[in-house]
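*Asks:* compute the structure for the input listed below.
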Amino acid sequence: MKKYSVLIALVLSLLLVFSIAHAERTVWYVHPDSSLNSIQAGLDSCADNDIVLVGPGTYVENIIWPNTQGIHLISELGPEATIIDGGNPSNPDTGSVVLFISGEDSNSVLAGFTITNGTGTFDPAYSSYDGGGIYCRYNSSPTIIGNIITGNTATYGAGIECWTYASPTITGNTITGNKANSTGGGIACYGYSSPIITDNAITQNEAGVYGGAIVARDIYTPLIITGNTMTGNVADSGCIAIWDVAAEISRNTISMNFTKAGIGCRGAGTIHIDSCTISKNEQYGVWCDSAANPEIHYCNIYDHTDYGVINLDSTVIVDAEDNWWGDATGPGGYGPGSGDSVSQWVDYDPWLTDSVEWLGIEEHKSPQPISTVLQISPNPFHSRVTINFSIDHSVEHIELKIYDATGRLVKEFGHTANQRFNQVIWAGDDNYGNKVPSGVYFLKFTTERVTETRKLLLIR
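*Replies:* Residues are numbered from 1 along each chain as shown. Predicted coordinates:
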């Protein structure tokens, strides 16, 4: 339960912020022993921007999110203690555990539940059952954060489905043990949907055809896949499978998947694969066909049985410069070295002579025996977070920087070195005063002798 203390902090911070700044908002408390013992009833009671706080227990429900904006549905004690079981739908055609179909925006939040036993919602156009765990359609783009999504089945998108301009923010979730009969064991994205998929563990999901972890097709605004760990997923082709997609795929670990490739690319689309570890997948690291022309840079690509990168289309040259292929001599195959092989029509030169380590996105505490107190409250936060710090050693320089989940610098603060104790308030803005979206951010605190990085969770 300790690892879900962040969710308890989320509840407390949200309640505090809302009670002070929005006294008119109502908190609805759902508990199995209460007269309000149904999550659906709690949601249906809400006005715009209300909170539904759910006590521990198992709720056998298939939830349809109401056409009410800005509701925060939050568990009290985290996903291990709070389960939404969709295994007994009253209508067998709506067997998804949670349905978002009313055009919700990112201010609608689903946080801190185990979502399980969904069987998908029937789509008569394809005679399929889609979105076993969470079903997002019709411009619905909620924030889905800190959940365990497991044991769901569907035709497409067993864990989460995004279709028809639905672009949710999917961050900090564990998506594991879901099974799609066709595509998208973990997440399926189709029909102009462009979700932001960050900082999730997407493991041991299965797809009958392709996309053991993630499948995406027909997406022309950038799909963001960053900071995720994808291991142990199963599919005939592709842990990540993308077709006619614009995508930014960065800082992911895509390893030990039972799929033909770690990433499979087909069709047109601007695809950037940057700063990923792609290793020990069944055959290929990155597989390219049918005009796919991704740019692949600063990745660790190694330990594949066939090719690190294979390109089957002679009309394009895949730009795979500046990668580590598992050996300082460079890639093998059509390359000169002993690392993972590359095929024809792959530009691999220059290559890196050592593996890549990425800065700014992994939580790190300095090994030096120096006392540094770094306190962040509330975290997660809604509109502002207070950062207190103190140090017990002399320094000439103090640096505080905030990065987003892609490693991009968002905000930096300047401080005089002779201050042993100080306070910074971050209002969720960038260096230009623009509000940044909900998601995972990283605070990097640096002096000459110590560096600490902490995760921040912003929910608007």
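*Asks:* CA atoms for contacts and neighbours, from now on please.
*Replies:* Will do.
*Asks:* quick one: the helices in the protein?
*Replies:* Ranges of helices in the chain, per DSSP state H, are 5-21, 39-44.
*Asks:* least reliable of those going by mean pLDDT?
*Replies:* The minimum mean pLDDT among the helices of the chain belongs to helix 5-21 (a mean of 44).
*Asks:* which pLDDT value belongs to N91?
*Replies:* Per-residue confidence (pLDDT) for N91: 90.
*Asks:* and Y220, by the same measure?
*Replies:* 82.
*Asks:* give me the distance between it and G191.
*Replies:* Plainly put, Y220 is 9 Å away from G191 if you go by C-alpha to C-alpha, to the nearest Å.
*Asks:* check W243 too.
*Replies:* For W243, the distance to G191 equals 11 Å [C-alpha to C-alpha].
*Asks:* those two - which one has more neighbours?
*Replies:* Counted by other C-alpha atoms under 10 Å, W243 and G191 do not tie: W243 has more neighbours, with 20 against 16.
*Asks:* contact partners for that one?
*Replies:* By C-alpha atoms under 8 Å, 6 or more residues apart in numbering, W243 lies in contact with A216, R217, D218, C265, R266, G267, A268, G269.
*Asks:* can you put those in CSV and add neighbour count and distance to L409?
*Replies:* Converted to CSV, the contacts of W243 look like this (neighbours: other C-alpha atoms under 10 Å; distance: C-alpha to C-alpha, whole Å):
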residue, neighbour count, distance to L409
A216, 28, 28
R217, 20, 30
D218, 19, 30
C265, 26, 29
R266, 20, 32
G267, 17, 32
A268, 19, 30
G269, 22, 26
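*Asks:* okay, these in a markdown table with distance to P437 next?
*Replies:* Shown next, in a markdown table, are these (distance: C-alpha to C-alpha, whole Å):
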| residue | distance to P437 |
| --- | --- |
| A216 | 22 |
| R217 | 24 |
| D218 | 24 |
| C265 | 28 |
| R266 | 30 |
| G267 | 30 |
| A268 | 28 |
| G269 | 25 |
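*Asks:* quick one: which of those sit in strands?
*Replies:* Judged by DSSP state E, the subset of these located in strands is A216, R217, D218, C265, R266.
*Asks:* could those residues go into TSV alongside distance to G335?
*Replies:* As requested, these are arranged in TSV below (distance: C-alpha to C-alpha, whole Å):
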residue	distance to G335
A216	31
R217	31
D218	33
C265	21
R266	23
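*Asks:* where's the dip in pLDDT among those?
*Replies:* Among those, D218 has the lowest pLDDT, at 91.
*Asks:* quick one on the thing from earlier: what's the farthest-apart pair in the ones in strands among the contacts of W243?
*Replies:* The largest separation in those, counting by C-alpha to C-alpha, is between D218 and C265 at 12.3 Å.
*Asks:* so in this structure, where's the weakest helix or strand by average pLDDT?
*Replies:* strand 364-365 (a mean of 36; mean pLDDT, DSSP states H and E).
*Asks:* ok, now which ones touch N107?
*Replies:* Residues near N107 by C-alpha under 8 Å, 6+ apart: Q69, G70, I71, H72, P142, T143, I459, R460.
*Asks:* which of those residues sit farthest apart?
*Replies:* Q69 and I459 (14.7 Å).
*Asks:* now G87. Its backbone dihedrals?
*Replies:* The phi/psi pair for G87 (degrees, to the nearest 10) reads phi -80, psi 0.
*Asks:* how about it: what's its closest non-neighbour residue?
*Replies:* N117 (4.6 Å; C-alpha to C-alpha, 6 or more residues apart in numbering).
*Asks:* so that neighbour touches V97, yeah?
*Replies:* Yes. Between N117 and V97 there is a contact under C-alpha atoms under 8 Å: 7.4 Å.
*Asks:* higher neighbour count, these two?
*Replies:* V97 (31 against 24).
*Asks:* list the residues that contact that one.
*Replies:* V97 makes contact with 61-63, 84-87, 115-120, 132-135, according to C-alpha under 8 Å, 6+ apart.
*Asks:* swap the cut-off to 10 Å and go again
*Replies:* 60-64, 84-89, 115-121, 131-135, 149, 152, 159 (C-alpha atoms under 10 Å, 6 or more residues apart in numbering).
*Asks:* state the pLDDT value of R137.
*Replies:* You'll see R137 listed with a pLDDT of 96.
*Asks:* what about it, neighbour count?
*Replies:* Residues within reach of R137, counting by other C-alpha under 10 Å, total 24.
*Asks:* roughly how far apart are the most centrally placed residue in the chain and V318?
*Replies:* Centroid-nearest residue in the chain, with C-alpha atoms, centre = their mean: T198, separated by 2.4 Å. To V318, T198 is 26 Å away according to C-alpha to C-alpha.
*Asks:* which regions of the stretch 101-250 of the chain lie under the pLDDT threshold?
*Replies:* For the stretch 101-250 of the chain, applying pLDDT under 70 flags no range at all.
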